[in-house]
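J.: would you be able to build a 3D model of this:
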Amino acid sequence: MAERKIIAVVGATGAQGGGLVRAIAADPSGGFVARAITRDVGTDKAKALARLGAEVVAADGSAGVGRRRGAHRRISAAGRLPACACAPT
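T.: Here you go, the predicted model:
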């Protein structure tokens, strides 16, 4: 079998992120595996995603908000992401 590509899902224990991770895990022939990014890998939700086969890793997205906004502006300027209210330009 060919190597599976990784899809990183930020907010993986939330409603939308968790649904995406579960959908990826439910399609083993899809060629993808989920990397579930969450603040706390010890929660019941994070452990459930790990049992489904997701690689669960910890990251706190609230740290470095200024750097994230700056990075978002640079990416938006390159035409890859639309500007949004979460990262004012």
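J.: Pro57 falls within a strand, correct?
T.: Rather than Pro, residue 57 is Val. Yes. When DSSP: H, G, I helix; E, B strand; the rest coil is applied, Val57 is found to be in a strand.
J.: and the closest residue to it other than its chain neighbours, what pLDDT?
T.: The shortest distance from Val57 to any non-neighbouring residue, by CB to CB, 6 or more residues apart in numbering, is to Ile37 (5.7 Å). For every residue, glycine as well, the C-beta is placed using N, CA and C. Each residue has a pLDDT score; the one for Ile37 is 93.
J.: can you pull up the bridge partners for Ile37?
T.: Val10, Val57 (DSSP bridges).
J.: correct me if wrong: it contacts Ile7.
T.: No. In terms of CB atoms under 8 Å, Ile37 does not count as a neighbour of Ile7; the distance is 10.7 Å.
J.: between those two, which is the more surrounded one?
T.: For the pair Ile37 and Ile7, the greater number of neighbours falls to Ile37 (23 against 15), based on other CB atoms under 10 Å.
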